[in-house]
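>>> only the shape, not the letters, is given here:
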Ligand code: PLP
């Protein structure tokens with residue numbers, strides 16, 4: 001039997017999403033077409049948009065632009081605001097030192113275009129308040145903070161940071177990468193003071209290759225964001241390209257399935273994480289628990305002098321799937337910058353695995369993981385394969 005504990009990398013499609021995909025596959029019209037096939041397809045897109053805006057608590061205050069993934073939603077947020085005319089007021093962008101590469105690499109590009117990027121430390125999973133006050137001595141035009149760190153599970157106090165920023169510079173734009181926070185914690189964009197919020201379908205039991213950017217109505221009214229995919233003017237002109245109707249419809253269905261059960265889902269996943277902490281704390285491991293708030297679905301563990309990849313392969317052979325850092329950083333050979341920002345040494349970061357839960361996991365999965373870890377630790381120490 002396989003035990004999937006890599007839900008931060010991606011999640012299984014929910015039955016609701018699968019059903020929506022197969023129904024949408026029958027409706028092959030182009031949403032832009034002016035005949036009934038087109039209207040039917042557009043109806044699916046609109047319904048998904050309504051479901052997702054409802055789950056964001058934002059039907060009256062914002063618009064949702066569908067994209068091809070969370071990464072594209074963030075690129076639209078960052079490049080779209082940087083290239084709107086607002087950029088002339090200030091070229092300073094505030095962020096953290098532990099963002100997902102979809103943010104940090106986009107900011108590297110903007111640095112190349114002459115923007116100044118200021119990174120706030122997030123040691124032990126907490127945004128450094130002193131560094132934030134220091135950074136705000138000079139005007140910023142954009143702040144981009146992730147809600148939940150995909151590797152440590154730290155739930156950053158984005159609401160407080162954005163409030164500080166808006167208090168000092170009301171016209172500053174705030175973007176939150178909520179790809180790991182959406183439907184893992186309750187929030188609305190106005191509550192956290194975000195003008196822009198990125199989300200992704202495949203982290204919430206929807207399909208891969210669909211994401212969305214929430215944009216507040218004020219941002220649109222004041223033209224503080226411009227599109228970077230230009231063409232047929234789909235998505236209200238904010239993202240040209242024929243919509244992925246099947247994916248979008250399934251995204252909406254996945255969200256509509258979870259949202260009414262959100263409190264129960266969050267408590268189930270939180271209970272699993274608590275159980276894992278209690279169960280694994282007796283082992284020779286270091287649990288990287290953030291000092292501030294945590295998301296319910298992520299637990300980071302540092303192994304004693306064993307490379308994470310070695311353990312990952314051993315567990316994988318027993319049918320248990322975890323991650324060595326994030327799926328994206330696993331393509332790079334350098335230790336995870338998110339975990340070094342958390343406070344681990346590069347060597348510790350290289351020995352760190354991430355377990356991440358979904359509503360489909362059970363306590364028995366964690367018991368099995370514990371047994372496999374005990375046996376793995378014994379084998380690797382005995383054979384010297386560290
Ligand atoms: N932001 C965070 C925090 C993530 O964890 C991920 C994916 O792992 C992304 C953005 C990118 O999302 P997508 O895979 O939909 O591009």
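Everything's here; your move. It should be emphasised that the depicted structure is a prediction, and the values quoted were computed from it without experimental measurement.

>>> for whatever residue of the stretch 1-150 of the chain ends up closest to the ligand, give me its contacts.
Nearest residue of the stretch 1-150 of the chain to the ligand: residue 70, at 2.8 Å (C-beta to the nearest ligand atom). Every residue, glycine included, has its C-beta placed from N, CA and C. Contact analysis of residue 70 by C-beta atoms under 8 Å, 6 or more residues apart in numbering lists 102, 177, 179, 198-200, 203, 211.

>>> check it and give its pLDDT.
pLDDT, residue 70: 98.

>>> for it, phi and psi?
Note on residue 70: backbone dihedrals following degrees, to the nearest 10 are phi -60, psi -40.

>>> how far off centre is stretch 227-247?
Here stretch 227-247 is found 22 Å from its chain centre; the criterion is C-alpha atoms, centre = their mean, to the nearest Å.

>>> now the end-to-end length of it.
End-to-end span of stretch 227-247 (C-alpha to C-alpha, to the nearest Å): 21 Å.

>>> list the buried ones in that stretch?
For stretch 227-247, the neighbour count (16 or more other C-beta atoms under 10 Å) marks 227-229, 234-235, 238-239, 243-247 as buried.

>>> now stretch 248-263: mean pLDDT?
Here the average pLDDT along stretch 248-263 is 98.

>>> please list the residues outside that stretch that contact it.
With contacts defined as C-beta under 8 Å, 6+ apart, stretch 248-263 is touched by 13-14, 16-21, 23-24, 44-45, 47-52, 54-55, 66, 183, 186, 201, 204-207, 210, 212, 265, 359.

>>> likewise for stretch 33-40?
With C-beta under 8 Å, 6+ apart as the criterion, stretch 33-40 contacts 27-32, 41.

>>> and residue 11, helix, strand or coil?
Secondary structure, DSSP: H, G, I helix; E, B strand; the rest coil: residue 11 is coil.

>>> follow-up on the earlier one: farthest pair in the buried residues of stretch 227-247?
Farthest pair in the buried residues of stretch 227-247 (C-beta to C-beta) is 228 and 246. Separation: 24.1 Å.

>>> mean confidence score for the host helix or strand of residue 52?
In this assignment (DSSP states H and E), residue 52 forms part of helix 36-55. Confidence over helix 36-55 (mean pLDDT, whole number) is 97.

>>> past that helix, which element shows up next along the chain?
Downstream of helix 36-55, the next assigned helix or strand under DSSP H and E is strand 62-67.

>>> from the buried residues of stretch 227-247, which is closest to the ligand?
Among the buried residues of stretch 227-247, residue 247 lies closest to the ligand (C-beta to the nearest ligand atom), at 11.1 Å.

>>> which residues touch the closest residue to the closest one other than its chain neighbours?
In space, and not counting its chain neighbours, residue 247 is closest to residue 210: 3.8 Å by C-beta to C-beta, 6 or more residues apart in numbering. Contacts here follow C-beta under 8 Å, 6+ apart; on that basis residue 210 touches 66-69, 200-202, 244, 247-248, 250-251.

>>> which among the residues you listed gets closest to residue 97?
residue 200 (22.1 Å).

>>> tell me what the helix or strand where residue 197 lies is packed against?
Per DSSP H and E: residue 197 is located in strand 196-200. Strand 196-200 is packed against helix 70-82, strand 173-177, strand 211-216, with contacts defined by 3 or more C-beta pairs under 8 Å, 6 or more residues apart in numbering; DSSP states H and E.

>>> now that strand: average pLDDT?
Mean pLDDT, computed over strand 196-200, is 98.

>>> residue 159: neighbouring residues, count only.
16 (other C-beta atoms under 10 Å).

>>> the helices in the stretch 201-350 of the chain, which residues?
For the stretch 201-350 of the chain, the helices defined by DSSP state H, counting those that start in this stretch cover 217-221, 245-258, 262-280, 308-317, 337-342, 346-349.

>>> starting at the chain centroid, how far to the longest one?
Same thing as helix 262-280. 19 Å.

>>> go through that helix and flag the buried ones.
Result for helix 262-280 [16+ other C-beta under 10 Å]: buried residues 265-266, 268-270, 272-273, 275-276, 280.

>>> so where's the stretch 1-150 of the chain shaky on pLDDT?
Residue ranges of the stretch 1-150 of the chain with pLDDT under 70: 86-88.

>>> tell me the phi and psi of residue 99?
phi -70, psi 160.

>>> now it. Nearest residue, chain neighbours left out?
Excluding its sequence neighbours, the residue lying closest to residue 99 (C-beta to C-beta, 6+ apart) is residue 146, at 5.4 Å.

>>> go on, residue 272?
Counting by C-beta to C-beta, 6+ apart, residue 357 is the residue found nearest to residue 272 once chain neighbours are left out, at 4.7 Å.
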